[in-house]
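In: pasting the sequence and the predicted model now:
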Amino acid sequence: MPRSSQTYLLSRPPVIVGYGSAGGRKEKEGPLGRFFDHTCEDDTFQQSSWEMAETTMQQMALESALKRAKLEAQQLDFLLAGDLLNQCISSAFAARWAGVPYLGLYGACSTMGESLALASLLLSGGWGHHAAAMTSSHFCSAERQYRTPLEYGCQRPPTTQWTATAAGAVVLSSQGEKGPVVSAVTIGKVMDKGVKDPANMGAAMAPAAYETLRAHFRDTGRSPADYDLILTGDLGQLGWEIVSDFFSRDGCPLSNYNDCGLLLFEREAQDVHCGGSGCGCSAAVLTTMVLPGLQSGRWKRVLFCPTGALLSPVSTMQGESIPGICHAIVLEGGAS
């Protein structure tokens, strides 16, 4: 028998005690640029390869998160992290630097949600005191792996999105009095509606976002009005329009709905077509906007729903369609 519920209400909600971020030049020039903890003018982060630059971003983000949490890396019971690269090498090399128990994850651009959900479930279940959730992406490393050499200079169709050069890390504690808490998580199911165009990730991932949101509202008995902000990532303009249309057709318009891919960049001014994407996009929006907003009291309850396209260059070349996934995280409180 399939599970009737995909949502877990956490009886002991873990507290987010620290968060950190790192971003590249384009991200620094975007609407959230001044809120990053670390940025780099040439996206190399003083490293000899794009892949090691991505690892360095994760290290910087985790250091900032630990500093805010007033913890040392050795106090972490778990580090849960992943990225877009083969074998998640950026995260594995960052974990090598951290030297703590490590769980490598792959959820494509949903990895910030996946890592945050699993870390919260571990701590709420009493399996540890402190955990970190982390992810990253880099425009140059992703382009090299998924598409074409940067030197090729091919034209990008209007449906494409710009992979963020960014990393985000969140430190959670099983105990604490201040900071937002993770009160519930909804684990998504893989959805595939037959989209095969790797330059149209928004359309590929939108059905997964719609199904996870519907499952969350069904399981909890809540409505969109129960949230100050509903935030997917990273569907971009087209995916955001699809999800909005689905709910409007259901007679349940999402008036408080936005997408991380529309918040990280100025779409037209920065020439990112449909918006931002990559693991680092939703991670950066979470750590530069959402968590500070919860702490300041701007929002009381946020539904954070990163999405991922579960494809590879091999599956694309073999003509496979693109499965999507979305996980929903309920973030509450934190105002001092």
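Out: Sure, I can see it.

In: roughly how far apart are the residue nearest to T7 when sequence neighbours are not counted and G126?
Out: Distance criterion CB to CB, 6 or more residues apart in numbering; nearest residue to T7, sequence neighbours excluded, is D219 at 3.6 Å. Glycine gets a C-beta too; all of them are placed from N, C-alpha and C. Distance of D219 to G126, given as CB to CB, to the nearest Å: 23 Å.

In: isn't the residue nearest to T7 up against Q6?
Out: Yes: counting by CB atoms under 8 Å, D219 touches Q6, with 6.2 Å between them.

In: which neighbours do those two share?
Out: T186 (CB atoms under 8 Å, 6 or more residues apart in numbering).

In: number of nearby residues for R218?
Out: Using other CB atoms under 10 Å, R218 has 14 other residues around it.

In: got it, and the one 5 residues further on?
Out: When neighbours are defined as other CB under 10 Å, S223 has 9 of them.

In: list the contacts for it?
Out: F217, C252.

In: same question for T44.
Out: Neighbouring residues of T44 by CB under 8 Å, 6+ apart: W50, A53.

In: what about it, distance to K196?
Out: For T44, the distance to K196 - CB to CB - is 34 Å.

In: count the neighbours of P253 for me.
Out: If you count neighbours by other CB under 10 Å, P253 ends up with 13.

In: then the one 3 residues further on?
Out: The local packing count at N256 equals 16, with neighbours defined by other CB under 10 Å.

In: assess the claim that it and I230 are in contact.
Out: Yes: look at N256 against I230 with CB under 8 Å: they come within range, at 5.7 Å.

In: find the residues that touch each one of the two.
Out: Listed as contacting both N256 and I230 by CB under 8 Å, 6+ apart are P224.

In: coming back round to it: shouldn't the residue nearest to T7 be within a strand?
Out: No: in this structure, D219 is helix, not part of a strand, as judged by DSSP: H, G, I helix; E, B strand; the rest coil.

In: who's in contact with it?
Out: S5, Q6, T7, T186.

In: distance of it relative to V185?
Out: The gap separating D219 from V185 is 11 Å, by CB to CB.

In: pull up the overlap in contacts between those two.
Out: Here D219 and V185 have T7 as joint contacts, going by CB under 8 Å, 6+ apart.

In: any residues touching the least confident helix or strand in the chain by mean pLDDT, and which ones?
Out: Taking mean pLDDT, DSSP states H and E as the measure, the helix or strand of the chain with the lowest value is helix 139-146, at a mean of 87. By CB under 8 Å, 6+ apart, the residues outside helix 139-146 that reach it are 24, 26, 43, 50-51, 53-54, 84-86, 90, 149-150, 162-165, 198, 278, 313.

In: restrict that helix to CA atoms and write it as PDB.
Out: C-alpha atoms of helix 139-146 as PDB (Å, rounded to 0.1, in the frame of the first residue of the first chain):
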ATOM      1  CA  PHE A 139      28.000  28.400 -14.100                       C
ATOM      2  CA  CYS A 140      31.300  27.300 -15.700                       C
ATOM      3  CA  SER A 141      31.500  23.800 -14.100                       C
ATOM      4  CA  ALA A 142      27.900  23.100 -15.000                       C
ATOM      5  CA  GLU A 143      28.200  24.300 -18.600                       C
ATOM      6  CA  ARG A 144      31.300  22.200 -19.100                       C
ATOM      7  CA  GLN A 145      29.500  19.100 -17.800                       C
ATOM      8  CA  TYR A 146      26.000  19.400 -19.100                       C
END
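
In: listing request: residues of the stretch 1-150 of the chain with sub-threshold pLDDT.
Out: Within the stretch 1-150 of the chain, the ranges that satisfy pLDDT under 70 run 1-4, 148-150.

In: and for the stretch 151-300 of the chain?
Out: Regions of the stretch 151-300 of the chain meeting the criterion pLDDT under 70 cover residues 151-153.

In: swap the cut-off to 90 and go again
Out: 151-158, 175-179, 233 (pLDDT under 90).

In: which residues of it fall in helices?
Out: 201-220, 236-249, 260-263, 279-285, 291-296 (DSSP state H, counting those that start in this stretch).

In: next, the angle helix 201-220 makes with the host helix or strand of L123.
Out: L123 belongs to helix 111-124 when assigned by DSSP states H and E. Relative orientation of helix 111-124 versus helix 201-220 (axes from the mean of the first three to the mean of the last three CA atoms, to 10 degrees): 30 degrees.

In: mind listing what's buried along helix 111-124?
Out: For helix 111-124, burial by neighbour count (16 or more other CB atoms under 10 Å) applies to 111-124.

In: which helices and strands sit right next to that helix?
Out: strand 78-82, strand 130-137, strand 166-173, strand 181-186, helix 279-285, strand 301-309, strand 328-332 (3 or more CB pairs under 8 Å, 6 or more residues apart in numbering; DSSP states H and E).
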